[in-house]
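> I'd like to go over a predicted model; first the sequence, then the structure.
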There are 2 protein chains.
Amino acid sequence: MRDVSIIGIGQTPVGEHWDKSLRHLGYDALAAAMRDANIERADALYVGNMLSGEISGQAHLGALIADFAGLRGIEAIKVEAACASAAAAFRQAYIGVASGLQDIVIALGVEKMTDDVGSALTAGLASAADADYESVHGITFVALNALIMQRYLYEHQVCREDFAGFALNAHFNGAGNPNAMFQRPIRREDFVHSGMVADPIGLLDASPMADGAAAVILCPTEQAREFTNNAIRIRGSAVVTDSLSVHDRRDPLWLQAAEDSSKRAYRQAGVTPEDIDFFELHDAFTIMSALSLEASGFAERGKGTWLARDGEISLEGKIPITTRGGLKARGHPVGATGLYQIVEAIQQLRGEAGDNQVANARLGMTQNIGGSGATIVTHIFERMN
Amino acid sequence: MRDVSIIGIGQTPVGEHWDKSLRHLGYDALAAAMRDANIERADALYVGNMLSGEISGQAHLGALIADFAGLRGIEAIKVEAACASAAAAFRQAYIGVASGLQDIVIALGVEKMTDDVGSALTAGLASAADADYESVHGITFVALNALIMQRYLYEHQVCREDFAGFALNAHFNGAGNPNAMFQRPIRREDFVHSGMVADPIGLLDASPMADGAAAVILCPTEQAREFTNNAIRIRGSAVVTDSLSVHDRRDPLWLQAAEDSSKRAYRQAGVTPEDIDFFELHDAFTIMSALSLEASGFAERGKGTWLARDGEISLEGKIPITTRGGLKARGHPVGATGLYQIVEAIQQLRGEAGDNQVANARLGMTQNIGGSGATIVTHIFERMN
């Protein structure tokens, strides 16, 4: 098995790209990553995407985007794991290079959600949950997360205002990210008085739907120096699943797949949570930030919000999270999000995060969540110099 | 890179499974393959599927089926490459084992098409073509293939009756396959007088939509003997893409991706087309059989139908094809088809093909086509004893 590094990154701004089609978005990120790596060809392309069939009437994105990007003929497939599609595609790219079968590989996440802003989108997002046992009852994806959050408030004796820190931190960091959808800080009272979406999830607990694409280029670490002096090594990689249905979990307030995938990644990297310099977690809703911090070993059970309250998630804190705005402020183009997280982690490790730079960042972790915890993909990256 | 073998196979009958859900179908094939390999656990599951989001409102099949099959927690994702989804999933399983990251891996193809038999299905199938430049004009998938066939008739001076041999051979072989959707031979006059679907494609040129699931278990060849005495080695594996749009191909009558992927597979296996004992090709329409035989080196350009005319595609012929009925008679559950082909190839190489056995079969080839040739996945398998 070969050691694998990242030699190029690219992204489009996250937002409502009414003027760009799915393939254009994908191309923009892919071409930027290829320029960044200074490569003109690749052996394979893995595309992460969730909703193109439902929203754009377009399947078969591997071949489509390969051809549109001038890479006609290369091996190309699409990978889907709901909102974890992009990190799952990255994982396949990693395995491809590690195997020795592929040398230069592109992982691309792309989602175009604004082609439909009506019922197809809500139904499409609900397809991440269990169609026969959850969605069939009419529950939407935000409602499912609201049930989890409501139970969390009850079990752990916290109030919804205790989650404000997650949103404030994300929006504060989003202001420093030129690719973020929202680049304006919010105040605590904005959070408290924001409209209710699905009790207790308010508007500022929830990440926005958006269009976007992000891409990275991978190659064997031993070849990385031919392309760049700032290659970033992949030190840990894991995909773990759980039941799709929340009611079928042993404990609906514990992300078992986050615990297991982070532990696998820590073991592969030979590190502990204390070694991680920043953590790009999956804050689709603020409740997911708390659950992710707890299951990944950064907070005790029921005390995830304490890190936000104590300022430990800020850029100068013990464990900085959502350093470029996270899903909340950068935006959440579902099938692309996992690669935005990875691109942002690489920016931090290269020292290219501008106003949002985490000082002396050496080890970064990303965690992309599909559904309400049914697929969790964790990666650990390390600066080489 | 490790050598990889197949130690278990499973399938459901192909047909209209009104009484079974998507997850049940997937489970049936997966459990049969696990029993066949005599295993109770696995490291990863790759699910090939095209249309579950559009037809069943269900994405996220990796986690869903892993959990339903009692494998909660294992690494699991879905792979999509239109009608080539299942062979693409198999390719990822192969890479996973070859890499050394995964030992026991399940590749599963599953499709439930009868949950919708109306416009969603036709629109879903059209999403394999280019939504912005083909489907937008209202062309369906069969109409696209009809344009290709019409041009083939004109360029190569053949008539639509020359394609009869492909349908006759498929239905003859389907009669010997207990899992085939159609198990009754047809006569030449049935073909000639079959109703026109999209001129020149008649009903008996076209494969039927269906439900079904097929699965295989892979492991490193060096471990295979721990499980079975009849493991089958994977000798060649390749995915190659082309433009989605037919009008954008350099030559719409030549499957460039079939030529390139078969050549890659031949090279990896160190064999030539003459060495192949049988070929499970992608006869979604009879025209695809001719194009596949030509591009893969079994017939000269424009002479693919000659093999059918001369009886060379029968079980005793020079290059037996669709030995268990093919897409035409076994049925074409789109996202599962590629793994039916592989399961059937393994049956032949194990000597378990019953009335359809190809005598002394040692090297078998499968080819799964996505869209009208935009993703082509070719595999070569060899009997080890």
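Arrived safely.

> what about the strands in the stretch 201-350 of chain A?
A:201-202, A:212-220, A:232-241, A:278-280 (DSSP state E, counting those that start in this stretch).

> Mean neighbour count, those: which tops it?
strand A:212-220 (a mean of 30; mean count of other Cβ atoms under 10 Å in any protein chain shown). No exception for glycine: its C-beta is placed from N, CA and C like everyone else's.

> Is stretch A:34-54 in proximity to chain B?
Yes - using Cβ under 8 Å from any Cβ of the partner chain, stretch A:34-54 reaches chain B at A:50-51, A:53-54.

> so where do the helices sit in the stretch 201-350 of chain A?
For the stretch 201-350 of chain A, helices defined by DSSP state H, counting those that start in this stretch occupy the ranges A:221-224, A:256-269, A:286-295, A:304-309, A:326-330, A:337-350.

> Columns distance to chain B on top of those helices, output as CSV?
Below are the helices of the stretch 201-350 of chain A laid out as CSV (distance: least, Cβ to the nearest Cβ, whole Å):
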stretch, distance to chain B
helix A:221-224, 15
helix A:256-269, 6
helix A:286-295, 13
helix A:304-309, 22
helix A:326-330, 18
helix A:337-350, 12
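
> Nearest the middle, which residue of chain A would you pick?
By Cα atoms, centre = their mean, the mean C-alpha position of chain A lies nearest to A:Gly338, the distance being 2.9 Å.

> so what's A:Thr114 up against?
Each residue near A:Thr114 by Cβ atoms under 8 Å, 6 or more residues apart in numbering or on different chains is listed here: A:16-18, A:209-211.

> Quick one: end-to-end distance for stretch A:300-320.
Using Cα to Cα, to the nearest Å, the end-to-end distance of stretch A:300-320 comes out at 17 Å.

> my bad, should have said stretch A:76-89
The stretch stretch A:76-89 measures 11 Å between its terminal residues, going by Cα to Cα.

> what is the mean pLDDT for it?
For stretch A:76-89, mean pLDDT rounds to 98.

> Next one: the nearest residue to A:Ile319 once chain neighbours are set aside from A:Ile234, what distance?
Distance criterion Cβ to Cβ, 6 or more residues apart in numbering or on different chains; nearest residue to A:Ile319, sequence neighbours excluded, is A:Phe298 at 5.1 Å. Distance from A:Phe298 to A:Ile234, counting by Cβ to Cβ, to the nearest Å: 21 Å.

> ok so, going back, nearest to chain B, out of the strands of the stretch 201-350 of chain A?
In terms of Cβ to the nearest Cβ, the element of the strands of the stretch 201-350 of chain A nearest to chain B is strand A:232-241, at 4.0 Å.

> List the neighbouring strands of that closest one plus their orientation.
strand A:4-11 (antiparallel), strand A:375-383 (antiparallel) (DSSP bridges).

> Can I get the ones you listed in TSV including distance to A:Ala198 and mean neighbour count?
As requested, the strands paired with strand A:232-241 are exported to TSV (distance: least, Cβ to Cβ, whole Å; neighbours: other Cβ atoms under 10 Å in any protein chain shown):
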stretch	distance to A:Ala198	mean neighbour count
strand A:4-11	30	25
strand A:375-383	22	27
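
> quick one: contacts for the closest residue to chain B within chain A?
The minimum distance from chain A to chain B, using Cβ to the nearest Cβ, falls at A:Ser99 (3.5 Å). When contacts are counted by Cβ under 8 Å, 6+ apart, A:Ser99 touches A:1-2, B:1, B:95-96, B:98-101.

> Dihedrals phi and psi, the closest residue to A:Trp306 other than its chain neighbours?
Sequence neighbours aside, A:Ala299 is the residue nearest to A:Trp306 in space, at 6.6 Å (criterion: Cβ to Cβ, 6+ apart). Per-residue torsions, A:Ala299: phi -150, psi 150 (degrees, to the nearest 10).

> on that earlier part again, which one of the helices of the stretch 201-350 of chain A is the most hemmed in?
helix A:326-330 comes out most buried of the helices of the stretch 201-350 of chain A by mean count of other Cβ under 10 Å, with a mean of 31.

> How about residues contacting stretch A:250-260?
Outside stretch A:250-260, the residues that touch it by Cβ under 8 Å, 6+ apart are A:148, A:151-152, A:155-156, A:238, A:240-242, A:246, A:249, A:291-292, A:294-297, A:301, A:367, A:369, A:373-376, A:378, B:73.

> Stretch A:291-305 spans what distance, first to last residue?
Taking Cα to Cα as the criterion, the two ends of stretch A:291-305 lie 9 Å apart.

> how far is it from where the chain is centred?
Offset of stretch A:291-305 from its chain centre (Cα atoms, centre = their mean, to the nearest Å): 18 Å.

> For the stretch 101-250 of chain A, which residues are neighbours of chain B?
Counting by Cβ under 8 Å from any Cβ, the stretch 101-250 of chain A sits next to chain B at A:101, A:123-124, A:126-132, A:135, A:238-244, A:248.

> let's go with 6 Å and repeat that
Counting by Cβ under 6 Å from any Cβ of the partner chain, the residues of the stretch 101-250 of chain A lying close to chain B are A:101, A:127-128, A:131, A:239-241, A:243-244.

> Figure out which of the helices of the stretch 201-350 of chain A is closest to B:Val142.
For those, proximity to B:Val142 was assessed by Cβ to Cβ; helix A:337-350 is nearest, at 35.9 Å.

> With only the CA atoms kept, save that closest one in PDB.
Only the C-alpha atoms of helix A:337-350 are listed here, as PDB (Å, rounded to 0.1, in the frame of the first residue of the first chain):
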ATOM      1  CA  THR A 337     -19.400  19.600   1.100                       C
ATOM      2  CA  GLY A 338     -16.900  16.900   2.000                       C
ATOM      3  CA  LEU A 339     -14.400  18.200  -0.500                       C
ATOM      4  CA  TYR A 340     -14.900  21.800   0.600                       C
ATOM      5  CA  GLN A 341     -13.900  20.600   4.100                       C
ATOM      6  CA  ILE A 342     -10.800  18.900   2.700                       C
ATOM      7  CA  VAL A 343      -9.800  21.800   0.500                       C
ATOM      8  CA  GLU A 344     -10.100  24.100   3.600                       C
ATOM      9  CA  ALA A 345      -8.000  21.700   5.700                       C
ATOM     10  CA  ILE A 346      -5.300  21.800   3.000                       C
ATOM     11  CA  GLN A 347      -5.400  25.600   3.000                       C
ATOM     12  CA  GLN A 348      -4.800  25.600   6.700                       C
ATOM     13  CA  LEU A 349      -1.900  23.100   6.500                       C
ATOM     14  CA  ARG A 350      -0.300  25.100   3.700                       C
END
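
> Beyond that helix, next helix or strand please.
strand A:363-370 (DSSP states H and E).

> Quick one: work out the angle between that following strand and helix A:256-269.
Calculated by axes from the mean of the first three to the mean of the last three Cα atoms, to 10 degrees, strand A:363-370 forms an angle of 150 degrees with helix A:256-269.

> Name the surrounding residues that touch strand A:363-370.
Here strand A:363-370 makes contact (Cβ atoms under 6 Å, 6 or more residues apart in numbering or on different chains) with A:81-84, A:87, A:275-282, A:292, A:338, A:341-342, A:345, A:348-349, A:376-382.
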